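# The following block contains a protein sequence and its predicted model.
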Amino acid sequence: MKTRILYEDKDLLVIQKPAGLATQTARVEQPDVVSELKNYLGSPWLGIVHRLDQPVEGLLVFGKNRAAAAALTAQLKGQGKDGELNKRYYCVFCGRAPEESGMLTDYLCRDSSGNAVLIDADGAGQNGGAKYASLKYRIVGVTELSLPEDTDVVLSLADVTLQTGRFHQIRAQFAGHGMSLLGDGRYGDSRSRRISELLGIRCAALCAYCLDFVHPVSRKPLHFQIRPESPGFSFFSSFFG
């Protein structure tokens with residue numbers, strides 16, 4: 001099983017999803033987290049609270065019964081009386097940020113395929129479907145690399161907190177503001193894709209590294225944190241210790 005179980009009790013599971021493994025897929029021949037966990041539990045049912053994109057690694061929580069899943073989903077939506085389910089991310093992007101810390105606010109809409117999102121400047125979106133997206137970031141590391149075809153390559157490590165939960169939000173917003181994620185073939189620009197190819201990075205350098213929520217039954221605050229394992233984070237190994 002590629003999925004790593006970090007915590008389990010009678011109500012929930014907390015797992016670490018590796019980059020490249022889908023959270024859930026309809027393709028019979030393709031493995032995914034949900035199928036692996038259902039096989040592990042010997043149950044046809046699992047409460048999905050939130051997801052991560054296939055190229056992204058990180059922490060996920062699942063409900064093992066409907067009451068727990070509903071309570072966790074309410075926390076994710078900010079409806080739980082004990083507070084929200086909070087997530088934080090690390091990402092590595094090509095270049096430098098305009099500020100050491102800041103906020104990105106945009107309107108995002110799906111493209112014609114429905115498999116990617118675009119920043120919509122006027123907020124109208126396709127058929128008026130653009131959604132407000134906001135996140136906060138803080139730069140925690142910068143490194144310079146010497147590559148055969150790019151003598152002045154700069155990579156930055158950011159700590160990101162989402163204020164909204166939109167489809168592909170971090171990847172799309174960072175790319176839209178000239179900070180394409182290392183290894184992101186879908187949203188990367190020509191330069192970030194070339195750098196990723198030269199470095200051999202094939203998965204987006206994005207990790208949901210921190211997860212906080214309140215246990216749906218015991219009401220105990222729970223905290224989980226992992227170290228990113230994707231190759232894109234190896235350029236900041238000194239930061240992670």
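Sure, I can see it.
# Just want the phi and psi numbers for Leu147.
phi -120, psi 150 (degrees, to the nearest 10).
# tell me which element the residue nearest to Ser101 when sequence neighbours are not counted falls in.
Closest residue in space to Ser101, ignoring its immediate chain neighbours: Arg138 at 4.3 Å, by C-beta to C-beta, 6 or more residues apart in numbering. Using the backbone N, CA and C atoms, a C-beta is placed for each residue, glycine as well. For Arg138, the element it lies in under DSSP states H and E is strand 131-145.
# Now that strand: average pLDDT?
What strand 131-145 shows for mean pLDDT is 95.
# Buried residues in the helix or strand just after that strand, which are they?
Next in sequence after strand 131-145, counting helices and strands by DSSP H and E, comes strand 153-162. Using 16 or more other C-beta atoms under 10 Å as the burial criterion, the residues of strand 153-162 that qualify are 153, 155-160, 162.
# now, which of those sits nearest Ser134?
Among the buried residues of strand 153-162, Leu162 lies closest to Ser134 (C-beta to C-beta), at 7.9 Å.
# How about that closest one, nearest residue that isn't a chain neighbour?
Spatial nearest neighbour of Leu162, chain neighbours left out: Leu135 (5.1 Å); criterion: C-beta to C-beta, 6+ apart.
# just the helices in the chain please.
33-41, 66-76, 169-176, 190-199, 237-240 (DSSP state H).
# among the ones you listed, which is the most enclosed?
helix 169-176 (a mean of 23; mean count of other C-beta atoms under 10 Å).
# So what's the gap between it and the chain middle?
11 Å (C-alpha atoms, centre = their mean, to the nearest Å).
# Ok, stretch 29-46 next?
From the chain centre to the centre of stretch 29-46 is a distance of 21 Å (C-alpha atoms, centre = their mean).
# what packs against the helix or strand of the chain with the lowest mean pLDDT?
Taking mean pLDDT, DSSP states H and E as the measure, strand 117-119 is the helix or strand of the chain with the lowest mean score, a mean of 81. Packed against strand 117-119 by the contact rule (3 or more C-beta pairs under 8 Å, 6 or more residues apart in numbering; DSSP states H and E) you find strand 101-110, helix 169-176.
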